[in-house]
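Student: sequence below, structure please.
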Amino acid sequence: MELFTGTKLVKARTMNRGQYNTYRGWDIPKDENPNDEGYLVEYINTSKSNHPNHEGYVSWSPLDVFNEAYNNISTGIPFGSALELLEQGSKLARSGWNGKNMFVYHVPAATYPTKTQVAKTEFGLHVDYGAYLAIKTVQGVVNTWVPSISDILAKDWVVIK
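Tutor: Numbers count the residues shown, from 1 in each chain. Predicted structure coming up:
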């Protein structure tokens, strides 16, 4: 088998193995402990639902497996996880930022119509640009953004809804 790592945004709530089996309408297998601690996990951003009370795919995860795989975004995540979420379309901010309504987001590569004579002379009618990170500032202006070393090493990134 090959090794994989991943970052997903999931909804979860504590639920032991027995509660999960009851929730799904299943009998508890004889070789499983219904008191095993864990989480009901709902994978969001998926079109495959397997339970009428959920829009996403639901499963159960043992407590230790869940804790190794996921960080609670309400208490903060490391920048590597934040970057994955940015690339998936989330808005993020540092919990320590004082700026009201500031956030960072990912801008995918695209094209824009030229606005200046220099751009028209150099590129023609359209300019191709690469992907970048943008920040909405306190003043409501959007700028390109490059994280500092402090931002990269921080573990207080939170998803903005």
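Student: for the rest of this, base every contact and every neighbour count on C-alpha atoms.
Tutor: Will do.
Student: what's the first helix or strand after whichever helix or strand residue 150 is part of?
Tutor: Using DSSP states H and E, residue 150 sits within helix 149-153. Heading C-terminal from helix 149-153, the first helix or strand you meet, by DSSP H and E, is strand 157-160.
Student: on that earlier part again, now do the buried residues in the helix holding residue 150.
Tutor: Residues of helix 149-153 classed as buried: none (neighbour count, 16 or more other C-alpha atoms under 10 Å).
Student: also stretch 100-108?
Tutor: 102, 103, 104, 105, 106, 107.
Student: TSV please, covering the residues you listed and showing distance to residue 152 and pLDDT.
Tutor: Converted to TSV, these look like this (distance: C-alpha to C-alpha, whole Å; pLDDT from 0 to 100):
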residue	distance to residue 152	pLDDT
102	17	95
103	15	97
104	13	98
105	15	98
106	15	98
107	18	98
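Student: list the contacts of the helix holding residue 150.
Tutor: With contact meaning C-alpha atoms under 8 Å, 6 or more residues apart in numbering, helix 149-153 is reached by 78, 79, 80, 94.
Student: please apply the same query to stretch 59-73.
Tutor: 17, 20, 36-42, 77, 157-159.
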